[in-house]
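[1] pasting the structure only:
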């Protein structure tokens, strides 16, 4: 039993505990509670059915499911909330203590954690930082929103371990502890279906730095104004030369008397100018842990993550790219700027109420085919046809992704590229952006089969 398991045991001792949400994180929480702790009682509450036998849950573990699964929360002392659960009541209106794996884990290990958040790029940056540290011989883990619950590694963390943790707004929403090293990449319109306003969305995100302590370190996009002056604050930008770290024309410049770093663009596998910003973030953060020579060596061996401007295949002379991760205007714009010879873009998905003006304005300046789909795509299509748009005949609407891929195959010229960069969420249509990207790849593969290749 290490310091963490001792803390968890003491924290839950003689307390009634509810695990709210029994997905991957909820099961991870139950495993450690069952292995190390002696709570007064444990129950699992979930909207969906929970099978006792399949999950090896003993009879003394309560199971609450169905539409009213949150009505029981005040029957418990502590509630471990999974990130995907939206509380029906504010924690201030509940008698129980709302906590999470992330909150408990950070309470013990905050000084060893590099926390990364932002609307876009956090998975790439987190994976890149982890890859550089690991390839440089550091003891390190990659956890959090990337898909690995923090409790999965809690038993194995050593004093020298560096923990790279990707953090979503949902993980941060009720956090009262921040990591010693925090990264806030950017802030775009997202998750407004849940938060309602950008202010509420930002208030969730800012918990990554809001509770930092004296001498903690924050790297933040220069467009975002931090409110805590206890830590060392460094700004970063690809547009603002006065930022502490400025990346421009593949050169990373620090404000202090450091030699500028030239990104070896001809040797790396990360596609797109926007990834130079991500590389600059990783360069700065890992400079506190590794030498520049080790950084560059690892950078050149890093493989981009799936569904992020990922080359899929070439069919009838057209190159197809999967950027299914795209759920915002800015990422769709960057996709068109980054993909070589982009001629067709597939956009649309679940409509979260995002303002698409910036994307439509950019599309008006581009000579690309625009294939809109699903509900947000229909809204974009209608916006374009209700304005003075350059050559609106290049704008199409089809119901679903399958129709969009077929149309793209018909209208994209040989030697050009087609990119799926939806600028919209996948929920309600696909389980997640990964499934959407995988379906896109399958549809492209079927095009190739139909072409007889």
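    Looks like it came in fine. No experiment lies behind these values; they were computed from the predicted model shown.

[2] from the chain's centroid, how far away is whichever strand or helix holds residue 26?
    In the assignment (DSSP states H and E), residue 26 maps to helix 24-36. If you compare the mean C-alpha spot of helix 24-36 with that of the full chain, they lie 24 Å apart, counting by CA atoms, centre = their mean, to the nearest Å.

[3] and that helix, what does it pack against?
    Other elements packing on helix 24-36 under the criterion 3 or more CB pairs under 8 Å, 6 or more residues apart in numbering; DSSP states H and E are helix 3-12, strand 16-20, strand 41-46, helix 101-109. Every C-beta, even on glycine, is put in place using the N, C-alpha and C of the backbone.

[4] run the angle between that helix and strand 16-20 for me.
    Interaxial angle of helix 24-36 relative to strand 16-20 (axes from the mean of the first three to the mean of the last three CA atoms, to 10 degrees): 150 degrees.

[5] out of the helices and strands packed on helix 24-36, the one nearest residue 176 is which?
    Checking these against residue 176 by CB to CB gives helix 101-109 as the closest, at 7.0 Å.

[6] what residues sit buried inside that closest one?
    In terms of neighbour count (16 or more other CB atoms under 10 Å), helix 101-109 has its buried residues at 101, 102, 103, 104, 105, 106, 108, 109.

[7] and the contacts of it?
    By CB atoms under 8 Å, 6 or more residues apart in numbering, the surrounding residues in contact with helix 101-109 are 3-4, 7-8, 11, 25, 28-29, 80, 83, 113, 115, 144, 149-151, 154, 157, 163, 165, 167, 171-172, 174-179.

[8] mind showing which ranges of this structure have poor pLDDT?
    Using pLDDT under 70 as the threshold, the predicted model of the chain has low-confidence ranges 1, 191-192, 227-230, 255-258, 450-453.

[9] domain map for it?
    According to the domain assignment given by automatic domain parsing, the chain is divided into the following structural domains: 3-99, 103-299, 310-450.

[10] how long is the longest one from one end to the other?
    For domain 103-299, the first and last residues are 31 Å from each other (CA to CA, to the nearest Å).

[11] what is residue 220 paired to in the beta sheet?
    Note on residue 220: beta-bridge partners by DSSP bridges are residue 184, residue 235.

[12] apologies, that question was intended for residue 142.
    So, taking DSSP bridges as the rule, residue 142 has residue 164 as bridge partners.

[13] now do the same contact list for it.
    If you count contacts by CB under 8 Å, 6+ apart, residue 142 has them with 126, 127, 130, 148, 164, 166.

[14] now do residue 376
    Here residue 376 is in contact with 347, 348, 349, 350, 351, 352, 354, 356, 422, 423, 424 (criterion: CB under 8 Å, 6+ apart).

[15] just the closest of those residues to residue 371, please.
    For residue 371, the closest of those turns out to be residue 347, at 7.2 Å, with distances computed as CB to CB.

[16] wait, the closest one sits on residue 368?
    No. Contact criterion CB atoms under 8 Å: residue 347 and residue 368 do not qualify, at 10.5 Å.

[17] who has more neighbours out of these two?
    Counted by other CB atoms under 10 Å, residue 347 and residue 368 do not tie: residue 347 has more neighbours, with 28 against 20.

[18] next one: that one from residue 335, what distance?
    Look at residue 347 and residue 335: by CB to CB, to the nearest Å, they are 10 Å apart.

[19] what do these two both touch?
    Counting by CB under 8 Å, 6+ apart, the shared contacts of residue 347 and residue 335 are residue 421.

[20] ok so, going back, the contacts of residue 142 in strands, which ones?
    Among the contacts of residue 142, the members falling in strands (DSSP state E) are 164, 166.

[21] of the contacts of residue 142, just the buried ones, ChimeraX syntax please.
    Here the buried members of the contacts of residue 142 are turned into a ChimeraX selection, burial being counted by 16+ other CB under 10 Å:
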select :126,127,130,148,164,166
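
[22] including distance to residue 262, could the contacts of residue 142 go into JSON lines?
    What follows is the contacts of residue 142, written out as JSON lines (distance: CB to CB, whole Å):
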{"residue": "126", "distance to residue 262": "24"}
{"residue": "127", "distance to residue 262": "22"}
{"residue": "130", "distance to residue 262": "23"}
{"residue": "148", "distance to residue 262": "33"}
{"residue": "164", "distance to residue 262": "25"}
{"residue": "166", "distance to residue 262": "27"}
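
[23] tabulate the buried residues of helix 101-109 (a markdown table), appending distance to residue 271.
    Formatted as a markdown table, the entries for the buried residues of helix 101-109 read as follows, by distance: CB to CB, whole Å:
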| residue | distance to residue 271 |
| --- | --- |
| 101 | 34 |
| 102 | 31 |
| 103 | 36 |
| 104 | 38 |
| 105 | 33 |
| 106 | 33 |
| 108 | 38 |
| 109 | 34 |
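
[24] so which of these comes closest to residue 243?
    Distances from the buried residues of helix 101-109 to residue 243 were compared by CB to CB; the smallest belongs to residue 106, at 27.4 Å.

[25] so which residues of the stretch 351-453 of the chain form strands?
    Listed in chain order, the strands of the stretch 351-453 of the chain (DSSP state E, counting those that start in this stretch) span residues 369-373, 395-398, 417-420.

[26] list the strands paired with the last one, with their directions.
    So that's strand 417-420. The pairing partners recorded for strand 417-420 under DSSP bridges are strand 318-322 (parallel), strand 342-347 (parallel).

[27] give me whichever of the ones you listed is most buried.
    Burial of the strands paired with strand 417-420 is given as mean neighbour count (mean count of other CB atoms under 10 Å); strand 342-347 ranks first at a mean of 26.

[28] what residues does that strand touch?
    Counting contacts by CB under 8 Å, 6+ apart, the residues outside strand 342-347 that touch it are 332, 335-336, 359, 363, 368-373, 376-377, 380, 401, 404-405, 408, 411-413, 416-424.

[29] same thing but 7 Å
    Surrounding strand 342-347, the residues in contact under the criterion CB atoms under 7 Å, 6 or more residues apart in numbering are 332, 336, 368-373, 377, 380, 404, 408, 411-413, 416-423.

[30] for stretch 55-62, same thing?
    Here stretch 55-62 has contacts from 42, 43, 44, using CB under 7 Å, 6+ apart.

[31] same list (those) but as a markdown table, adding neighbour count.
    What follows is the contacts of stretch 55-62, written out as a markdown table (neighbours: other CB atoms under 10 Å):
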| residue | neighbour count |
| --- | --- |
| 42 | 23 |
| 43 | 19 |
| 44 | 25 |
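
[32] can I get those in CSV including distance to residue 396?
    Formatted as CSV, the entries for the contacts of stretch 55-62 read as follows, by distance: CB to CB, whole Å:
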residue, distance to residue 396
42, 54
43, 51
44, 47
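
[33] closest to residue 97 out of the strands of the stretch 351-453 of the chain?
    That would be strand 417-420 among these, by CB to CB, at 42.9 Å.

[34] for residue 135, give me its contacts.
    Contacts for residue 135 were tallied using CB under 7 Å, 6+ apart; they are 298, 301.

[35] over to residue 392?
    Under the criterion of CB under 7 Å, 6+ apart, the contact list for residue 392 reads 384, 385.
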